[in-house]
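Trainee: What follows is a protein structure lacking sequence information:
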């Protein structure tokens with residue numbers, strides 16, 4: 001049976017480091033439009049979920065689909081859950097899988113979203129899927145801003161951490177990268193819709209609080225996260241300075257490289 005996929009881009013106006021980020025201009029287009037145009041190449045039903053009318057107006061302005069959601073959500077995952085329920089009521093379509101794409105990654109590749117759909121087509125019991133990428137530089141391995149993930153033999157996530165996992169016993173840290181194949185997490189998720197509704201009801205977990213990684217809440221409660229490897233890096237934009245550098249470099253470079 002053909003799966004019905006929907007991609008949702010959670011987008012909020014407020015940001016301590018970059019207020020109004022979704023509307024920031026990138027070579028003549030707002031950031032949210034850049035993200036939307038990449039995602040819709042891979043998923044016909046692509047919607048922006050926001051709590052701000054300025055963002056909603058911008059999306060309508062470039063012909064995109066938008067759904068208004070609560071201002072009280074604790075994460076993009078929760079916003080996706082409300083959004084898919086509203087879109088289902090509006091369209092009459094029951095979606096099997098929800099893909100959550102961050103609204104600050106305008107250079108995401110459509111291929112990354114396509115390969116994230118594959119586990120759900122191959123195995124109906126897939127609950128959650130996410131992307132990972134091989135780490136080949138120590139500066140990434142030891143950067144706490146980059147979440148690392150340990151995998152089982154089937155490619156399921158065992159644990160996520162801001163620290164390198166595992167450590168290579170009796171080896172100097174500078175040698176770890178040469179002695180073990182590490183993976184970093186690429187923060188794009190896909191959830192079976194019924195599983196999405198369940199995980200949004202879970203209370204914050206102890207592991208999640210410790211690492212500040214929401215996916216640990218799902219693992220701690222027994223859910224399975226299938227990983228899919230990608231060769232593409234993603235470039236999130238967190239500050240005006242980062243955006244200025246990207247524009248100065250020329251955005252074509254980032255579409256081609258990433």
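Mentor: That came through, no problem. The structure presented is a predicted model; accordingly, all values stated were derived computationally and were not measured.
Trainee: pLDDT weak spots in the chain?
Mentor: Residues of the chain meeting the criterion pLDDT under 70: 1, 16, 256-258.
Trainee: So it: which segments form each domain?
Mentor: Following automatic domain parsing, one gets these domains for the chain: 1-108, 124-233.
Trainee: Which stretch among those approaches residue 248 most closely?
Mentor: Evaluated over the domains of the chain, closeness to residue 248 peaks at domain 1-108, with 11.0 Å, by C-beta to C-beta. (Glycine included, C-beta is placed from N, CA and C.)
Trainee: Give me the buried positions along the helix ranked longest in the chain.
Mentor: Criterion DSSP state H: the longest helix present in the chain is helix 76-91. For helix 76-91, the neighbour count (16 or more other C-beta atoms under 10 Å) marks 76, 77, 78, 79, 80, 81, 82, 83, 84, 85, 87 as buried.
Trainee: Report the separation between the two terminal residues of stretch 63-71.
Mentor: Using C-alpha to C-alpha, to the nearest Å, the end-to-end distance of stretch 63-71 comes out at 24 Å.
Trainee: re earlier: tell me the most buried of the domains of the chain?
Mentor: Mean neighbour count, computed with mean count of other C-beta atoms under 10 Å, is highest for domain 1-108 among the domains of the chain, reaching a mean of 19.
Trainee: How far does that one sit from its chain's centre?
Mentor: Relative to the centre of its chain, domain 1-108 is centred 12 Å away, using C-alpha atoms, centre = their mean, to the nearest Å.
Trainee: Repeat that for stretch 140-151.
Mentor: Taking C-alpha atoms, centre = their mean, the mean C-alpha location of stretch 140-151 is offset from the chain mean by 15 Å.
Trainee: same check, this time on stretch 186-194
Mentor: Average the C-alpha atoms of stretch 186-194, do the same for its chain, and the two points are 8 Å apart (C-alpha atoms, centre = their mean).
Trainee: Helices of the stretch 1-150 of the chain, residue ranges please.
Mentor: Counting by DSSP state H, counting those that start in this stretch, one finds helices in the stretch 1-150 of the chain at the ranges 31-39, 53-61, 76-91, 110-122, 138-141.
Trainee: Could you save the buried residues of helix 76-91 as a markdown table and add columns showing distance to residue 99?
Mentor: Formatted as a markdown table, the entries for these read as follows, by distance: C-beta to C-beta, whole Å:
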| residue | distance to residue 99 |
| --- | --- |
| 76 | 12 |
| 77 | 12 |
| 78 | 15 |
| 79 | 13 |
| 80 | 9 |
| 81 | 13 |
| 82 | 16 |
| 83 | 12 |
| 84 | 10 |
| 85 | 16 |
| 87 | 13 |
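Trainee: and residue 165, what does it touch?
Mentor: The neighbourhood of residue 165, defined by C-beta atoms under 8 Å, 6 or more residues apart in numbering, consists of 148, 149, 150, 159.
Trainee: Okay, the last one and residue 118: tell me how far apart.
Mentor: Read it as residue 159. Distance, residue 159 to residue 118, using C-beta to C-beta, to the nearest Å: 23 Å.
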